[in-house]
Each structure stands twice: as C-alpha cells, then as structure tokens.
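> Sequence first, predicted coordinates after that:
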Amino acid sequence: MLKIKIVSCFLFIIYFTGCSDYTVELSNGYIFVSESKVNQKIVKKGYFEKEKYIPCTVIAFNYNDDFIIAAQINNPDGVKRVLINDPVFFWIIYHKGSQFIGPVSIDEYLKQRKELHIPDDLKLDLKL
C-alpha cells in the first residue's frame, strides 16, 4: 500500500510539473518559453534580467533568419501600459540591424514592416 502511495505521488508530481512547460527554438539564439497559458514570452537563451525580451503573454509569433515578429496581449503586469487603448502589442526583432522594436500599435507595426522590408510571407496567425 505504501508503494502505491509513493508511486502515485511521484506520478502526480511529474504530471503536474511538466504539463505545459515547453520551449521553441527561434532564430539568432532566441527562444519562445511557455510556462503556462498566460506565461509565454520570447527571450534570448541564457536570458539576463537587463536584456530586452518580449514579455507575457505572447499570443502569436513567427520568424525567419532575419526577423522575429510577435503579438502580445496587453498585460499590465508584464509591461508598462503605454498603449492603453490597444488590446494587443506588436514586436519586431531585426537581427541584422540589431533592432528591438516594441511594444507598438498595429499601425506602427505595419509601418515598421514596410520600412524593414519584412517579407510578406512572414505573418502572424492572430485569432482575436
């Protein structure tokens, strides 16, 4: 009976500690980190506190060798509310130009896409 309890506790711990945690390798050393449905961000591997990153909650992203683009829900706990009326922030990481753009509105995001010549086939799959 004791063995069954120990094994059950062990399986319970394994199941609930690793359920939703995963990472996705992106370009130029960045990774998408998902620790829960609301705790999803994009950081550089080996992230340090003062480095730029895309905070929670990232709801869509795409990338190629030159760019990472992302959309993030306006989360007052994750980023300053600089765009109070916008429900979603947009971000662009341009590797060659060493630019980290965001949080920006949809209008600014579209303007930056044109200026940086982000390919049309690099899109965000947003379901708002």
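Good, I have the coordinates.
> switch to C-alpha atoms for all contacts and neighbour counts from now on
Fine.
> is Trp91 in a bridge, and if so with what?
Ala70 (DSSP bridges).
> Strands along the chain, start to end?
22-25, 30-34, 40-44, 58-63, 67-73, 88-94, 99-104 (DSSP state E).
> Serialize these to a markdown table and add fields for distance to Gln112.
A markdown table is the format used below for the strands of the chain (distance: least, CA to CA, whole Å):
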| stretch | distance to Gln112 |
| --- | --- |
| strand 22-25 | 24 |
| strand 30-34 | 20 |
| strand 40-44 | 19 |
| strand 58-63 | 15 |
| strand 67-73 | 11 |
| strand 88-94 | 8 |
| strand 99-104 | 9 |
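> Make TSV out of those strands and add mean pLDDT, mean neighbour count and distance to Asp125.
Below are these laid out as TSV (pLDDT from 0 to 100; neighbours: other CA atoms under 10 Å; distance: least, CA to CA, whole Å):
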stretch	mean pLDDT	mean neighbour count	distance to Asp125
strand 22-25	96	12	16
strand 30-34	97	19	16
strand 40-44	94	21	16
strand 58-63	97	20	6
strand 67-73	97	23	9
strand 88-94	96	23	13
strand 99-104	96	18	18
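> Out of the ones you listed, which is closest to Pro119?
With respect to Pro119, and counting by CA to CA, the nearest of the strands of the chain is strand 67-73 at 9.5 Å.
> between that closest one and strand 99-104, how big is the angle?
20 degrees (axes from the mean of the first three to the mean of the last three CA atoms, to 10 degrees).
> CA-only coordinates of strand 67-73 in CSV, if you can.
Output of strand 67-73 as CSV, limited to C-alpha atoms (Å, rounded to 0.1, in the frame of the first residue of the first chain):
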residue,chain,number,x,y,z
PHE,A,67,13.4,38.7,-38.1
ILE,A,68,11.2,37.6,-35.2
ILE,A,69,7.7,39.1,-35.1
ALA,A,70,5.3,38.7,-32.3
ALA,A,71,1.9,39.8,-30.9
GLN,A,72,1.4,40.1,-27.1
ILE,A,73,-1.8,40.6,-25.1
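> what's that strand packed up against?
strand 58-63, strand 88-94 (3 or more CA pairs under 8 Å, 6 or more residues apart in numbering; DSSP states H and E).
> Which one of those lies nearest to Tyr47?
strand 88-94 (15.4 Å).
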